[in-house]
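# sequence first, predicted coordinates after that:
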Amino acid sequence: MNHKSPPPRWATRLLHWLCPPHRAEELEGDLDELFQQRVGEMGLREARWRYVRDVLSLLRPSLLKRDKTEYAKPTTTTMLRNYLKIAFRTLIKNKGYSFINIGGLAVGMTVAMLIGLWMYDELSVNKTFQHYDRIAQVMRNRTVNGETDTRPGLPIPLAQSLKTSYGQTFKHVELAWWTSLHTLTLDNQVFSKSGKFMTPGAPEMLSLNMINGSRAGLTEPASILLSASLAKALFGEANPLHKILTINNTMTVNVTGVYEDMPAGSSFADVQFIAPWDLYTASTDWVKEAKDDWTNTSFEIFVQLAPSVSFADASRSVRNLLVGKNNTSSAQKPEVLLYPMSRWHLYSDWKNGINEGGRIQFVWLFGIIGVFVLLLACINFMNLSTARSVNRAKEVGIRKAIGSRRQELVAQFFGESLLVVALAYGVALGLVFMAMPFFNQVADKQMAVPYTNSLFWVMGLGFALLTGLIAGSYPALYLSSFRPVAVLKGALRTGKSIATPRRVLVVVQFTVSITLIIGTLVVYRQIQFAKNRPIGYNRNGLVSLLLNVPHYEQHRETVRNELIRSGAVLEVGESASPLTEVRSTNGGFDWPGKDPTLQVNFGTINVSHEFGKTVGWEFTQGRDFSRQLATDSLGIVLNESAVAFMGMKDVLGKTVTWNGNGFTISFHVIGVIRDMVMDSPYEPATPSVFFIGPKPGKVLTMRLNPARSPQAALVTIGDVLKEHLPDAPFNYTFVDDEYDQKFRSEERIGTLASIFAALAILISCLGIFGLASFMAEQRTKEIGVRKVLGASVLNLWSLLSKDFVVLVLIALGIATPIAYYVLDKWLQAYTYHTTIAWWVFAITGVGTLFITLLTVSYQSIKAALVNPVKSLRSE
């Protein structure tokens, strides 16, 4: 009996442990046969050694890999790997459709992410302040002629009353002067910087992050706190503490602290320095006089609530503090209210005493736009996936026939959708990174993609997953619903009833796109309507300059004469308010025949004799001020709105009495001018009174000589000012630029809306291009037969294009009333607004049809030009 020697058992066990079972059995048989052969030829010792060597040589990754075979039960991991493999093969096989799907989703996700970052930035404004949810600005309501007016200007005594009587309600009550430009002098160098004068508790209330010094630095009477950027601009890398500066050439201060710049976009972003309130009071006579004056409502008050006190409770407790004060009648219903910091940025509009609306409407608007643009991209994916269902019907039928359950097919198709979305998300991240500088410029932001923030990635992955589920839901449920018997018999329905959902989705796409286009056109039309509004003066060639230096009064006439003599300017005027703002309003005006119940609130603007000639205001009655007539010192010029308010037909020469705080002045009307648009160009002009005061103001307005270039004229003006006012910085602005600033917000909204509308159309056209391509592919034989029967290229183009034209016309019919309703409500928020013209809808419809036909025509004409011999070769 031939006895077989066994190979080393440990080597055999190693082989079975490391290799898949089916492969280990096969290898063991081969190795055992070779071992027995070697025993006869070489002996047992050599054979055992070589057996071990052969086992070790077989331990390679390719042999150790446990593949899915008929012997191995498929695992979840194996199935997922299989789904991904099929998904990748499908993408590679259909490169054109894959490009449309990935490209459309990437553009949609890019828009959604950019809008999401913009919304997050808007919603985060002021949240960097530690006590963001406890700080408020004190405001006042006053009812005039049935309309409630809300203003931030308040009297100084109110702050003292809040401190002494409501100490348990407020942790901080801080007085402040408005953020404005001031001159800072350092070693004979003059800088013009914006800052605030505030009471000592303000740095603690605002939770300033101090770099040098402490928040208590403002308690010193002659101190100043500088922002980090201003400290660096003034002192470079040197330590700024205890350095000496002069404010407005009258206040010498010592630097006691440096704080981090307050965030860009915040309500205090422009505050480059903070100086003590008491210093401002001591150096400004009229502020000193207003200390106990309830009628002078020229100041700001900020408060921080005490712990456990709500805004509602605090507002109720202080509501009636102005009743019986500042000569306000009971009919005006004076009311104190608190305006929380959390609402400053997004809810800045006041309508009849109620805080409602503002930028929040744009936040929600763009949020809706982002959702719809992403939905358009998802619709593309749904349409192309379901349209191409015929190509995958047999795959579904075979899978179901061999045992695949519907939930497994749903999982497969969802996996394919998620793969496409994952690739699109990667592309979208790159697009967001590249588009961010341009987007920041358009939106006037300083945003960055927070790649290092883990929350960003978590939300991003959640966003991609949600997009994948939305985009893949309909195709997954639709494709997995095929019956295998019908599919494998070739009885799958592909008629009009199956195409109806796709048509509905295309209509939705174009309804959204058309609505966005109409909205963009109306926004631009509203902006142009306001820009073309007569403004009552000629702003071209006007230069404005704030001369905030104390000794300007002594050099006023010299500066004016020298500027005119230089030939750089034609005329020079002065005023207390710039041309683009009414800074002072007052009541107390009486005139013959005035209704005793009529409450007055006129804009009051102190000007020089040459102001009107300089700006070129337009008279409808009477004349301008004249230096030759001494009586003009008590003359006034009214605008048309003031005359209409007074209800006087023949106003020239009439006496108008101004009953102020402790004074009564009788003026006579010498002229009436057309309304000058000095405040919002979307609102009616403020009824205003222009008069000659002993000190006209420090806003210098100059009419440049058109015979000289603006650059040369400005150099000359700078030289004249430097000669006579060496400590006055030459920070000029062009009046037309200041006026254009009033349109910046609407222009930014219009630009962003136009970009998003263009991208929406692009996504919709990508989808139509894909559908047109597929339809042309499916109807190749039909087109061939029609050509054989004599159809022209035009006939075939019309055949393939008419369905899409009908869908666009339906979308236009749906979008038109929706857009009209929404935009009409938006326009009603502006007193001075345009109308929605019919041609806006006509242009949008014609333009959309043209773009649609242009998109479809490529595939239609390409299919129509194919030789019918090629398309009918197999028939």
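Great, that's in hand. Numbers count the residues shown, from 1 in each chain.
# which stretch of helix or strand covers the nearest residue to Thr252 once chain neighbours are set aside?
Excluding its sequence neighbours, the residue lying closest to Thr252 (CB to CB, 6 or more residues apart in numbering) is Thr246, at 5.3 Å. Any C-beta I mention is one placed from the backbone N, CA and C, and that applies to glycine too. Remark: Thr246 resides in strand 244-247, with elements defined by DSSP states H and E.
# with Thr620 instead?
strand 619-622.
# for the next helix-or-strand element following that strand, packing partners?
Counting by DSSP H and E, the next helix or strand C-terminal to strand 619-622 is strand 635-639. Using 3 or more CB pairs under 8 Å, 6 or more residues apart in numbering; DSSP states H and E, the elements in contact with strand 635-639 are strand 664-673, strand 688-692.
# what sits up against strand 635-639?
Around strand 635-639, the neighbours that count as contacts under CB atoms under 8 Å, 6 or more residues apart in numbering are 536, 612, 622, 624-625, 629, 646, 651, 656, 667-676, 685, 687-692.
# in the lengthiest helix in the chain, which residues are buried?
Longest helix in the chain, counting residues (DSSP state H): helix 406-443. Going by neighbour count (16 or more other CB atoms under 10 Å), the buried part of helix 406-443 is 409-421, 423-425, 427-429, 431-432, 435-436, 439-440, 443.
# ok, now stretch 194-208?
195-206, 208.
# mind checking which of those land in helices?
Using DSSP H, the buried residues of stretch 194-208 in helices are Ala202, Pro203, Glu204, Met205.
# now for Val421: which residues touch it?
Leu105, Ala464, Leu465, Thr467, Gly468, Ala471, Gly472.
# so how far is Ile379 from the residue nearest to it when sequence neighbours are not counted?
Using CB to CB, 6+ apart and skipping the chain neighbours, the partner closest in space to Val421 is Gly468 (3.8 Å). Distance, Gly468 to Ile379, by CB to CB, to the nearest Å: 14 Å.
# related to what we said a few turns ago, residues near the residue nearest to Val421, how many?
24 (other CB atoms under 10 Å).
# how much space between it and Ser417?
Distance from Gly468 to Ser417, counting by CB to CB: 5 Å.
# also Glu557?
Counting by CB to CB, the gap from Glu557 to Ser417 is 78 Å.
# do I have it right that Asn383 meets Ser773?
No. Using CB atoms under 8 Å, Asn383 makes no contact with Ser773, being 11.9 Å away.
# these two: which is more packed in?
Higher neighbour count among Asn383 and Ser773: Asn383, with 26 against 21, using other CB under 10 Å.
# in which helix or strand does the more buried one reside?
helix 360-387.
# can you name every helix or strand that that helix contacts?
Using 3+ CB pairs under 8 Å, 6+ apart, helix 360-387 sits against helix 95-123, helix 406-443, helix 454-479, helix 496-531, helix 744-778.
# for the stretch 251-400 of the chain, give me the ranges with low pLDDT.
326-332, 386-394 (pLDDT under 70).
# where do the strands sit along it?
Along the stretch 251-400 of the chain, counting by DSSP state E, counting those that start in this stretch, strands occupy 251-259, 273-276, 300-305, 335-340, 350-351, 354-355.
# checking Lys127 next. Helix, strand or coil?
Secondary structure state of Lys127, per DSSP: H, G, I helix; E, B strand; the rest coil, is coil.
# which other helices and strands does the strand holding Thr246 contact?
So strand 244-247, by 3+ CB pairs under 8 Å, 6+ apart, packs with strand 180-186, strand 251-259.
# distance to Gly167 and mean neighbour count added to the ones you listed, as TSV?
As requested, the helices and strands packed on strand 244-247 are arranged in TSV below (distance: least, CB to CB, whole Å; neighbours: other CB atoms under 10 Å):
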stretch	distance to Gly167	mean neighbour count
strand 180-186	30	18
strand 251-259	27	21
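# is it possible to export those strands to JSON lines including distance to Pro8?
Listed next are those as JSON lines, based on distance: least, CB to CB, whole Å:
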{"stretch": "strand 180-186", "distance to Pro8": "92"}
{"stretch": "strand 251-259", "distance to Pro8": "79"}
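# quick one: which of these is nearest Trp457?
Closest to Trp457 of the helices and strands packed on strand 244-247, according to CB to CB: strand 251-259, at 32.7 Å.
# how far out from the middle of the chain is stretch 698-716?
36 Å (CA atoms, centre = their mean, to the nearest Å).
# what's the answer for stretch 783-799, then?
That offset, for stretch 783-799, works out to 50 Å (CA atoms, centre = their mean).
# can you pull the buried residues of it?
Ile783, Gly784, Arg786, Lys787, Ala791, Leu796, Trp797, Leu799.
# sorry, back to before: quick one: closest of the helices and strands packed on helix 360-387 to Asp30.
Taking the helices and strands packed on helix 360-387 one by one with CB to CB, helix 406-443 is closest: 37.6 Å.
# any idea of the mean pLDDT for the closest one?
On average, the pLDDT along helix 406-443 is 86.
# check stretch 188-195 too.
88.
# sketch out the low-pLDDT regions of the stretch 651-800 of the chain for me.
In the stretch 651-800 of the chain, residues with pLDDT under 70: 661-662, 774, 777-778.
# what lies in contact with the strand holding Thr620?
Contacts for strand 619-622 (CB under 8 Å, 6+ apart): Val637, Glu640, Val651, Leu652, Val669, Ile670, Gly671, Val672, Ile673, Arg674.
# filter those to the buried ones?
Buried among the contacts of strand 619-622 by 16+ other CB under 10 Å: Val637, Glu640, Val651, Val669, Ile670, Gly671, Val672, Ile673, Arg674.
# so who does the fourth one touch?
Which is Val669. Gly622, Gly635, Ile636, Val637, Leu638, Val651, Leu652, Gly653, Lys654, Val656.
# please identify which of these is nearest to Val373.
Leu638 (51.0 Å).
# any idea how far that closest one lies from Gly573?
If you go by CB to CB, the gap between Leu638 and Gly573 works out to 18 Å.
# what do you get for Val637?
The value you get for Val637 to Gly573, if CB to CB is used, is 13 Å.
# what's the answer for Phe413, then?
Using CB to CB, Phe413 is found at 74 Å from Gly573.
# stretch 46-64: which residues count as buried?
Ala47, Arg48, Arg50, Tyr51, Asp54, Val55, Leu58.
# repeat for stretch 809-818
Across stretch 809-818, burial judged by 16+ other CB under 10 Å covers Leu809, Ile810, Ala811, Leu812, Ile814, Ala815, Thr816.
# cool, thanks, signing off.
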